[in-house]
Structures are given as C-alpha cells and as structure tokens.
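Peer 1: Sequence and predicted structure, then a few things I'm wondering about:
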Amino acid sequence: MSSDSDVDGAEIHWHRALDHDELPEGRVKPVTCDGTTVAITHHEQSYHAMDNECPHQAGPLGEGSIEDGLLRCPWHGWDFYPDSGETPGEFDDCVTTYPVEEREEGIYVGFPVEQERDRTVSDVIVETLVNWGVRQVWGIVGHSNLGLAEALRTEAEVGSLSYYGVRHEGAGAFAASAYGKLTGRPAACFSIAGPGATNMLTGLWDANVDRSPTIALTGQVESQVLGTGNFQEVDLEAAYGDVAEFEATVLPDSQHAELATRAAKTAVLERGVSHLIFPDEIQTMDAEGVDPGTPEGRRTPRDISPPEEKLREAVDLIESAERPVIVVGHGARFEMDRIVELAERLDCPVLTTFKAKGQIPDSHPLAGGVLGRSGTPIASHFMNESDLLAVFGASFSNHTGIASYKDIVQVDFDQMALGKFHSVDVPVWGEVGVTVAEMLDRLPDAEGLTARSQREELAERWEMWRDEKATRRASSPERGVNYATAFEAMTRIVPDDAIVPVDVGNNTYAFGRYFESADQRVLMSGYLGSIGFAFPAALGAWAATREPDTPWAGRPVVSVSSDGGFGQYMSEFTTAVKYDMDLTHVLLNDDELGKISKEQRTGGWDVWQTDLVNPSFAEFAENCGGLGIEVDAEDDLDSALKRAIDHDGPALVEVLTDSEPV
C-alpha cells in the first residue's frame with residue numbers, strides 16, 4: 001500500500017494490485033486489496049478496476065470475460081464498460097469504479113479512505129448478547145450471515161467474545177451445548193441459512209433435552225423473497241419450533257435490543273435454546289444511536305425458598321429413615337458442597353446418575369458411584385437396600401433406573417420434572433442449593449437422627465468391586481487393550497481436575513463402570529444420547545478453560561470416544577489445531593459399532609452392517625498438525641497417556657481394543 005493522495009478532492013489509499021505481466025491483454029481478474037475485491041480488466045493496453053459484484057444478483061465480474069470491449073457478467077450476461085462501470089443497454093444499474101495507476105513497480109488501485117463503519121442491527125444484537133454474558137461463539141461464516149459475522153468480528157477484536165470457526169455447524173452446536181452444561185452460562189452457535197441452520201439442529205436438541213442454555217444465530221435469505229422457494233430458503237421458524245424455547249425473526253421494525261434480551265433471558269432462565277433468525281439485508285440495517293440491552297432490572301435471583309409444607313414433609317421423612325440414600329443428577333452439579341454436608345450428617349451413600357458422574361469423588365468415603373445401566377454394583381446395592389431415596393436434580397430416566405417403589409423425596413427447580421414419570425412421596429419445588437440449606441437448618445444433629453452409618457459397608461462394597469475389576473483387567477482381549485484396563489490407566493493418569501467429555505456406546509458404558517473419578521467434571525449427551533458428542537464438546541470445554549477467574553480456568557480437557565463417535569466429527573481435530581487447543585482425546589478403536597452389534601446379538605438378530613473401515617486415527621492426528629499416538633499393548637498405555645496430556649496442543653491417543661467390553 002502506498003501513501004495517501006487525493007483524487008478529485010477525496011482522500012485515497014493506493015494498493016499494489018498486480019505485476020505488469022500478471023494479467024494478459026483482453027482478460028479480467030478478481031483481486032482483493034485490503035479486504036475489498038475488485039474486477040481488474042486489461043483491454044487495449046489500459047487497466048481499469050470496478051466493483052467485483054454485478055448489481056443484478058451479485059455475480060462475480062472478475063470471473064467474467066471481455067467481449068467487444070465490454071465486461072460481461074459470467075452469471076447472466078450483463079455488460080459493463082470497464083472504464084465507467086455503466087451499461088450499454090436500457091438498464092441503468094452501474095458498477096462502482098476505482099482509479100488505476102500504472103507505476104514502475106506494478107498496477108495500483110486507489111480506494112477511498114474508509115470511514116468508521118456505520119452501526120447496524122447486528123451490532124445492537126451482538127452487543128446485547130455480550131452484555132448478557134455470551135462469551136463464546138462457534139460457527140461458519142457464509143454468504144447469508146456476513147453482516148452478522150462483521151458484528152461478531154468487531155466484538156471479538158476488542159476481546160468481548162471469542163469466535164471459533166468450525167468445520168461443521170453441528171459441531172458448533174454441540175460445543176455450545178457442552179459449554180452451557182459445564183458453566184451454566186449461555187454460549188452461541190452461528191450459521192448461514194438453509195443447510196447451515198439445519199446442520200445445527202442435533203446439537204441444539206442435545207441442549208434442549210439436557211437443559212443447557214444455548215443461543216442459535218442463523219442467517220436467512222432476504223426478507224423480500226421469503227416464501228418463494230428461494231435458493232437455500234428453509235422455514236427456520238418451523239424447523240426450530242420445537243427445539244427453541246424462544247424464537248424470532250429479526251425484522252426492520254423489530255425492537256432489536258429487546259429481541260436479543262428476550263433470547264438471552266430465556267436461555268438463562270429456562271435453561272434451554274433460543275433462536276434468532278437474521279434475513280440477509282436486515283443484518284446491515286442502520287441502527288445509529290440504538291443502545292444495546294442489558295440484564296439490569298431484567299432478572300431476579302432465583303434462590304427462593306421451597307414451599308414450607310413440602311419442605312417439612314421432606315425433612316420428616318429424612319429424619320425418620322434408617323437407611324437413606326442420596327441420589328444426585330446433573331441438575332445438582334453446582335450445589336454439591338451442601339449435598340455432601342447433608343450426606344455426612346446422615347452418614348449415608350451418595351449415588352449419582354451417569355450425567356452426574358464425578359460430582360462427588362469416588363474416593364470420598366460416602367461415594368457410591370454411578371447408578372443404572374452404566375453404573376456399579378455398589379450403587380445398585382445401596383439403592384436396593386435403602387428405605388428412602390433423597391433425589392436432587394435428577395431426571396429419573398429409565399437409563400438410571402431410580403427405584404419407583406422406594407419412598408422418595410425429590411427436589412428440582414422445574415415443576416414439570418417433579419413426579420415426571422410416576423408419583424413420588426414428597427415432591428419439593430425449589431432450587432437445589434437453597435432447599436438443601438433449608439433441610440440442614442431443620443434436621444437435628446447426627447445423634448438425633450434415625451439413620452445409621454453406612455460408611456463401613458460402603459468401604460467393603462468398594463473393596464469387593466475393585467477386586468472384581470482386577471479380574472476383568474486380567475481377561476485377555478481379542479486384540480490390544482481391554483476396556484477395564486484402559487479406564488484403570490485413565491483413573492491413575494488423567495489429572496484430578498480434568499474436564500472429561502464422553503461419547504456414547506460401549507466405551508461410555510465402560511467409562512461409567514470402570515473409571516473412578518476424582519474431581520473431574522464429566523460432560524455427556526444425556527437424554528439425546530448422540531454419537532459424536534465427545535470431541536465437539538471438548539472444544540466447548542476448552543473454551544471455558546480460557547476464561548480467567550472462573551472455576552474452569554486452566555483445567556485440562558481429556559475427552560473419550562470410540563472410533564464410531566470420533567468419525568462423526570473427526571474433521572474438527574483441525575479446528576483444535578487451528579486454535580492451538582491444549583486438549584487430549586482418547587479413542588478406543590474396535591473397528592465396529594460395538595454397542596449396536598451387542599444389541600443385535602442380544603435381540604436374536606444377525607450382526608449386520610456394524611463393521612467400520614477406519615484410517616489410522618493416530619496418523620490422521622499427525623497429518624492435521626497435532627500429536628497422534630497408537631497403542632496396541634497394555635505396557636505402552638501409561639506412557640502414551642502421559643505424553644499426550646503433557647503435550648502442548650491437540651493430542652490423540654488411539655487405543656486398539658475389541659468390541660466385547662468386560
């Protein structure tokens with residue numbers, strides 16, 4: 001770029017666009033100079049430059065041709081004089097032209113000095129979301145969301161949010177959902193109209209059913225052609241209707257800051273999905289002088305007390321129980337200190353749902369492990385022997401199998417979750433932390449309770465289970481390393497404070513059963529149970545670890561999947577490399593959809609179409625620019641895990657195993 005000069009009184013920046021011999025006579029070429037693309041023509045020994053977009057339908061003039069001295073658009077054949085940008089026919093649509101100078105060192109194009117960008121509707125909405133705490137956005141920039149992308153770029157440049165360009169919009173939605181599950185705060189995912197928006201739906205359904213605050217921002221075709229079957233037009237309000245708690249199309253006369261406020265407020269308070277749709281031309285509408293929305297005066301603390309009558313009934317049941325058991329779900333993840341205090345007063349076991357694995361360390365003397373299909377015999381024993389289940393923030397899914405025939409006290413913030421599938425003895429509507437604090441205030445000290453200590457019995461049951469796990473590790477797999485051995489190694493080597501996103505399938509069942517958690521936080525696709533969740537979730541978790549002064553700052557991320565799950569979004573490994581994400585993925589490779597094969601055998605069907613053809617995933621990771629290690633023997637497992645976790649950047653450990661977990 002050369003120094004500024006004036007052309008007809010306007011201040012100009014000159015940019016070197018071409019070498020003298022770069023563009024042959026009679027040709028045209030698109031050239032981008034400092035963010036602006038122009039079509040440069042070379043005809044009759046003269047160079048001219050005009051805007052690259054045809055005013056008809058934005059055809060790329062730089063890909064056109066020169067015919068009879070006219071530049072012809074490649075899409076629809078509209079013609080323009082290269083020197084003036086005017087048309088020879090009856091049409092009066094002209095193209096902006098730019099001054100050109102032939103200098104000794106090359107061909108230069110002059111551009112007006114950019115003025116400060118006008119404030120737009122997109123700016124108002126993005127600034128409002130930032131004010132409501134949105135700090136992370138995952139998505140793909142495309143032709144129908146460029147105005148919104150510019151607003152996101154502006155906020156990213158000043159450090160108000162971080163943006164991650166993914167390879168598939170579904171991965172972006174999973175990353176946002178995982179971030180919400182981990183932090184309880186909303187993140188956003190971002191797409192173009194049509195296929196980009198529909199690609200996000202699976203990840204958004206994951207957020208919907210697991211109550212994760214997530215905001216979807218989708219482009220849309222121009223509003224003037226809505227309903228005409230335009231290219232990439234999808235009725236996004238209909239497509240997203242059931243997944244979104246709040247949804248709106250941004251229109252010219254909308255209260256734009258209010259729409260963004262409603263979207264953020266709904267995501268936070270309803271713990272679900274909000275969706276804003278941006279027709280293309282509205283994204284760049286002028287919004288000069290419009291202030292963004294803020295949460296000031298728009299929300300209230302949610303730590304209200306539960307109804308006194310139900311609280312008293314719950315306390316009476318707990319006080320009179322001899323063998324109470326506490327069951328915690330994902331909804332109790334931010335209130336575990338008080339729940340553990342309650343368990344210690346009762347001296348009773350704390351069992352977790354699979355989604356809540358790790359919310360109490362398995363090393364705690366009152367921890368009973370995971371309950372249900374992915375669980376331990378310890379948890380099932382204590383549930384079966386209990387005379388009362390005190391359930392906090394759990395969904396009562398059939399996967400967990402909380403016994404409906406036991407006396408049950410259930411606490412949940414969501415009234416619809418109380419007694420969702422069957423009656424419970426005492427449903428208590430309230431925030432978990434507040435309710436447990438009220439219970440502690442009303443319950444007598446341990447000496448005044450009927451409950452008898454179950455600590456020694458818990459220790460005995462853990463000893464029995466660990467002996468059983470040792471015999472399973474001794475079983476010889478068909479190849480590589482068996483599941484029990486792989487997760488015993490991860491128990492020893494994965495950092496105690498790691499965030500561990502897991503996938504679905506045999507690998508996940510084995511993780512729930514064999515991995516003994518310390519202070520790790522486990523993330524999973526719970527009610528949706530979507531294969532492919534783990535690695536995109538690792539991207540979302542890693543983003544949270546970059547936020548200073550939060551409980552997640554600096555924590556390592558170690559995700560787990562099978563080959564079937566990783567194959568769904570394996571291209572996102574390049575996303576991890578692009579943003580230098582320091583994370584580790586452990587991939588248990590059995591060359592099969594092993595869980596489905598097992599279900600086919602159990603159901604009496606032939607095993608059919610569950611085999612997989614895989615690359616070397618370790619070599620794939622290396623080709624992407626990360627660290628890849630293949631392990632096919634138990635003796636190499638520890639060193640591989642340590643090397644990967646210590647590696648500064650994305651790493652993948654491919655562990656060869658068989659499809660029959662023990």
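Peer 2: Happy to help now that I have it.

Peer 1: For stretch 336-343, list every residue counted as buried.
Peer 2: M336, R338, I339, V340, L342, A343 (16 or more other C-beta atoms under 10 Å). Where C-beta positions appear, they are placed from N, C-alpha and C, glycine not excepted.

Peer 1: ok, and the helix or strand in this structure with the lowest average confidence?
Peer 2: strand 5-7 (a mean of 56; mean pLDDT, DSSP states H and E).

Peer 1: going on from that strand, what's the next piece of helix or strand?
Peer 2: Once the chain leaves strand 5-7, the next helix or strand it forms, by DSSP states H and E, is strand 10-18.

Peer 1: Report the rounded mean pLDDT for that next one.
Peer 2: For strand 10-18, the mean pLDDT works out to 86.

Peer 1: quick one: the strands in the stretch 251-400 of the chain?
Peer 2: 273-279, 324-328, 350-352, 367-370, 388-392 (DSSP state E, counting those that start in this stretch).

Peer 1: ok, the last one: who's next to it in the sheet?
Peer 2: Spelled out, that is strand 388-392. Partners of strand 388-392 in the sheet, by DSSP bridges, are strand 324-328 (parallel), strand 408-412 (parallel).

Peer 1: cool, and the third one?
Peer 2: Take DSSP bridges as the rule and strand 350-352 pairs in its sheet with strand 324-328 (parallel), strand 367-370 (parallel).

Peer 1: Quick one: closest of those strands to K469.
Peer 2: With C-beta to C-beta as the measure, strand 367-370 is the member of the strands paired with strand 350-352 nearest K469 (11.5 Å).

Peer 1: Where does the record place the domain boundaries for the chain?
Peer 2: 5-112, 121-284, 308-457, 475-656 (automatic domain parsing).

Peer 1: Figure out which of these is closest to T300.
Peer 2: domain 121-284 (9.5 Å).

Peer 1: gap between that closest one and the chain center?
Peer 2: Remark: domain 121-284 is offset 13 Å from the chain centroid, using C-alpha atoms, centre = their mean, to the nearest Å.

Peer 1: Could you do stretch 618-628 as well?
Peer 2: Using C-alpha atoms, centre = their mean, the offset of stretch 618-628 from its chain centre is 23 Å.

Peer 1: mind listing what's buried in that stretch?
Peer 2: Quick answer for stretch 618-628 (16+ other C-beta under 10 Å): A618, F620, A621, C624, G626, L627, G628.

Peer 1: what sits up against it?
Peer 2: The contact list for stretch 618-628 (C-beta atoms under 8 Å, 6 or more residues apart in numbering) reads 570, 573-574, 576-577, 616-617, 629-630, 643-644, 647, 649-654.

Peer 1: do stretch 138-150 as well
Peer 2: Residues contacting stretch 138-150 (C-beta under 8 Å, 6+ apart): 117, 120, 122, 125-126, 163-169, 171-173, 175-176, 187-194, 196, 217-221, 232, 278, 280, 283-284, 539-540.

Peer 1: Now list the buried members of those.
Peer 2: Buried, going by 16+ other C-beta under 10 Å: 120, 122, 125-126, 163-164, 166-169, 171-173, 175-176, 187-194, 196, 217-221, 232, 278, 280, 283-284, 539-540, out of the contacts of stretch 138-150.
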